[in-house]
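Undergrad: When you get a sec, could you give me coordinates for this:
(chains A and B)
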Amino acid sequence: SQTIHQWPATLVQPVGSPLSLECTVEGTSNPNLYWYRQAAGRGLQLLFYSVGIGQISSEVPQNLSASRPQDRQFILSSKKLLLSDSGFYLCAWSRQQNTEAFFGQGTRLTVV
Amino acid sequence: ILNVEQSPQSLHVQEGDSTNFTCSFPSSNFYALHWYRWETAKSPEALFVMTLNGDEKKKGRISATLNTKEGYSYLYIKGSQPEDSATYLCAFTRNQAGTALIFGKGTTLSVSS
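TA: Next up, the predicted model:
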């Protein structure tokens, strides 16, 4: 069976510090991978998605970046966090674009 | 920029009431429409994935319909129960290779016993 792991579950970081959130998928190959963010009072905003190793598409310009160094690993990074980066970050995977997405447990990021 | 709109934003009903939510999406370039259920402290879980105009899907007391020509989908819950309390998200994908799910802001349902 397929599983998705996302960590850490919670994170408190000072403004200007770097960020690295990691997501890994097990039990499947060549998944579509996604990073979403839910800011306070808002819906799920697509940040990045990847259809293959080294292929990253960004939906919203921001100070975040994503990388896919391995087939089932997706990393969300920032060199310098802003207060506005606070939110709930979800990693997800799907087999194809028209099949259901499976979500990780999420990371609650608070930038102070 | 694609807009997926959901209404109402929130809803409070009594146990046993039936309810429905609306999701509207761009009708052009349609590929698939998804419904997800997101309970507090859990991850979103898929309820339905619909691709064809006129699709109707059912899972227990929950059902959904799809109209791709006019760009809307309805989610129905019959005889709401407290355990149905959650945020219901719809998401849309375009008919374009390598695209991702675009979510609406969701409808938060609260069911009182």
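Undergrad: What residues are bridge-paired with B:W35?
TA: Per DSSP bridges, the residues bridged to B:W35 are B:F48, B:C90.
Undergrad: What's the local residue count around it?
TA: Number of residues near B:W35 (other Cβ atoms under 10 Å in any protein chain shown) recorded here: 24. Yep, even glycine has a C-beta here, placed from its N, CA and C like the rest.
Undergrad: how about the spatially most central residue of chain A, secondary structure?
TA: The centroid of chain A falls nearest to A:W35 when counting by Cα atoms, centre = their mean (3.1 Å). Under the three-state scheme (DSSP: H, G, I helix; E, B strand; the rest coil), A:W35 adopts strand.
Undergrad: Quick check: residues of chain A near chain B?
TA: Contact residues, chain A versus chain B (Cβ under 8 Å from any Cβ of the partner chain): A:32, A:34, A:36, A:42-46, A:49, A:51, A:55, A:57, A:59, A:90, A:94, A:97-106.
Undergrad: what does chain B have sitting close to chain A?
TA: Counting by Cβ under 8 Å from any Cβ, chain B comes close to chain A at B:31-32, B:34, B:36, B:43-46, B:49, B:51, B:89, B:91, B:93, B:97-106.
Undergrad: sorry, back to before: please narrow the residues of chain A next to chain B to those residing in strands.
TA: Using DSSP state E, the members of these that fall within strands are A:32, A:34, A:36, A:44-46, A:49, A:51, A:55, A:57, A:90, A:94, A:102-103.
Undergrad: hang on, the earlier thing: OK, contacts around the residue nearest to the centre of chain A?
TA: Residues near A:W35 by Cβ atoms under 8 Å, 6 or more residues apart in numbering or on different chains: A:L21, A:C23, A:L46, A:L47, A:F48, A:Y49, A:A66, A:F74, A:L76, A:Y89, A:L90, A:C91.
Undergrad: cool, and B:E15?
TA: The contact partners of B:E15, taken as Cβ under 8 Å, 6+ apart, are B:S80, B:Q81, B:P82, B:V111, B:S112, B:S113.
Undergrad: so how far is chain B from A:R37?
TA: To chain B, A:R37 is 11 Å away according to Cβ to the nearest Cβ, to the nearest Å.
Undergrad: Please identify the pairing partners of the helix or strand bottoming out on mean pLDDT in chain B and their relative orientation?
TA: The weakest-scoring helix or strand in chain B, judged by mean pLDDT, DSSP states H and E, is strand B:102-103 (a mean of 90). Strands adjacent to strand B:102-103 in the sheet, as given by DSSP bridges, are strand B:86-94 (antiparallel).
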